[in-house]
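Asks: model the structure of this input:
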Amino acid sequence: MVHQHSSQARLSPSSYEEDIALLLAPRLAYFAGVARHEHVTRAAQEMGVPQSTLSRAIVRLEQDLGVVLFARKGRTVSLTPAGRTFLTSVERALAEVERAAESVQADADPASGKVAFGFLHTMGSETVPGLIRAFRADHPRIRFTLVQNYGEAMIERLRAGELDLCLTSPVPDAPDLVARRLDEQRLRLVVPDDHRLAARKRIRLAEAADETFVTLEPGYGLRRITDDLCAEAGFTPRVAFEGEEAETLRGLVAAGLGVALLPPPAVARPGVVELTVTSPRAAREIGVAWLDGHVDTAPVAAFKRFLLSRRGHLLPD
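Replies: The predicted structure is shown next:
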């Protein structure tokens, strides 16, 4: 190997880390291969690259670092003290890259890959477990990362690449997202079982204009729907308590602390009565959303097809 070491490194201490990575990354595997064999020709044969390419890559690496990594004697080389120090970190870095590559390949495997799936808290006790059970009847080895959150937070995670798909309400309308309506869920006015309206089966929402409401916090889709329905009924709800979870609100209603507009519970809760709202029409649309232009892995594509096939019968009867 002809050694043409430059006395001046190409990278100054003020260079950006990403610039260093771009210069060094392609040469690290070559360096590790030569260090393992301590022989340029044998390393080139094992790695399937021309010897001249390998030699030039090592010289450039030393020039970029401004450090001599190998002591040379013909085709035989041995690591300098600096080279041994560098090798320890390079081997760790290459092993981490290999683990990362294996992980993403495993996640994309059609039979056993992974889907990052977000959904509303109100769909976690019954709807989502039923969906995944039905899907895995035909895809038993596909794995899921499940995230429960409110709609706006899930949309943020979609945009950040942390989720592949999410079930949310209202169905989002944004230029960077694709969303498909899947089903509709009727909302009920939930009142304490000793409330003046508890003997009723149906109610116009305007009849609750003087009631104290318990609602989800601003930013939750169901809170926005509640505010919109009350406005349509001609009033602004007087909110006493705000929470993060629908069943907590049911508990507050049962304790006599207000009334609430909520989707049906998975299991009937004592202490409350749930009234059908006849006017305005009280319902929320449930849809699936994903990032526009995102390339799906095979498992994500399969689960997306499954969800779209459930249009009109997504929710339990």
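Asks: extract the residue ranges of the protein that are flagged as low pLDDT.
Replies: Applying pLDDT under 70 to the chain flags the ranges 1-25, 75, 317.
Asks: show me where the stretch 51-200 of the chain has its helices.
Replies: Taking DSSP state H, counting those that start in this stretch, the helices of the stretch 51-200 of the chain run over residues 51-65, 81-108, 127-136, 151-159.
Asks: just want the angle from the longest one to helix 51-65.
Replies: Right, the one you point to is helix 81-108. Interaxial angle of helix 81-108 relative to helix 51-65 (axes from the mean of the first three to the mean of the last three Cα atoms, to 10 degrees): 110 degrees.
Asks: just to revisit the earlier point, and the helices of the stretch 51-200 of the chain as TSV, adding distance to Ala266 and mean neighbour count?
Replies: For the C-beta atoms, the positions are set from N, CA and C on the backbone; glycine is no exception. Output for those, formatted as TSV (distance: least, Cβ to Cβ, whole Å; neighbours: other Cβ atoms under 10 Å):
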stretch	distance to Ala266	mean neighbour count
helix 51-65	61	18
helix 81-108	31	13
helix 127-136	8	16
helix 151-159	20	19
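Asks: possible to save those as JSON lines with distance to Leu314?
Replies: Below are the helices of the stretch 51-200 of the chain laid out as JSON lines (distance: least, Cβ to Cβ, whole Å):
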{"stretch": "helix 51-65", "distance to Leu314": "55"}
{"stretch": "helix 81-108", "distance to Leu314": "25"}
{"stretch": "helix 127-136", "distance to Leu314": "7"}
{"stretch": "helix 151-159", "distance to Leu314": "16"}
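Asks: can you say which of the ones you listed is nearest to Leu291?
Replies: Taking Cβ to Cβ, helix 151-159 is the member of the helices of the stretch 51-200 of the chain nearest to Leu291, at 5.3 Å.
Asks: may I have the closest one as CSV, with CA atoms only?
Replies: Taking C-alpha atoms only, helix 151-159 is exported to CSV below (Å, rounded to 0.1, in the frame of the first residue of the first chain):
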residue,chain,number,x,y,z
GLY,A,151,-56.9,12.9,18.0
GLU,A,152,-54.6,15.9,17.6
ALA,A,153,-51.8,14.1,19.5
MET,A,154,-52.1,11.1,17.2
ILE,A,155,-52.0,13.3,14.1
GLU,A,156,-48.7,14.9,15.4
ARG,A,157,-47.3,11.4,15.8
LEU,A,158,-48.3,10.4,12.3
ARG,A,159,-46.5,13.5,11.0
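Asks: that one packs against which elements?
Replies: Contact here means 3 or more Cβ pairs under 8 Å, 6 or more residues apart in numbering; DSSP states H and E; on that basis helix 151-159 packs against strand 114-119, strand 165-168, strand 283-291.
Asks: deepest in the core, which of those is it.
Replies: By mean neighbour count, with neighbours taken as mean count of other Cβ atoms under 10 Å, strand 165-168 ranks first of these at a mean of 24.
Asks: got a list of contacts for that strand?
Replies: Applying Cβ atoms under 8 Å, 6 or more residues apart in numbering, the external contacts of strand 165-168 come out as 115-120, 123, 127-128, 147, 151, 154-155, 157-158, 182, 221, 286-290, 300, 303-304, 307, 314.
Asks: try stretch 118-136
Replies: With Cβ under 8 Å, 6+ apart, stretch 118-136 has contacts from 117, 142, 144, 146-151, 154, 157-158, 163, 165-169, 221-222, 244-246, 263, 266-267, 286, 302-303, 306-307, 310, 314-316.
Asks: mind redoing it with 6 Å?
Replies: 147-148, 154, 163, 166-167, 245-246, 263, 266, 306, 315-316 (Cβ atoms under 6 Å, 6 or more residues apart in numbering).
Asks: what about Val171? Give its phi and psi, please.
Replies: When read as degrees, to the nearest 10, the backbone of Val171 gives phi -70, psi 120.
Asks: ugh, typo on my part, it should be Asp227
Replies: The phi and psi torsions at Asp227 (degrees, to the nearest 10) take the values phi -60, psi -40.
Asks: with Ala198 instead?
Replies: Ala198 adopts backbone torsions of phi -70, psi -20, taken as degrees, to the nearest 10.
Asks: my read is that it contacts Val272, right?
Replies: No. Contact criterion Cβ atoms under 6 Å: Ala198 and Val272 do not qualify, at 8.6 Å.
Asks: neighbour count for the two, which is higher?
Replies: Ranked by neighbour count (other Cβ atoms under 10 Å), Ala198 and Val272 place Val272 first, with 24 against 12.
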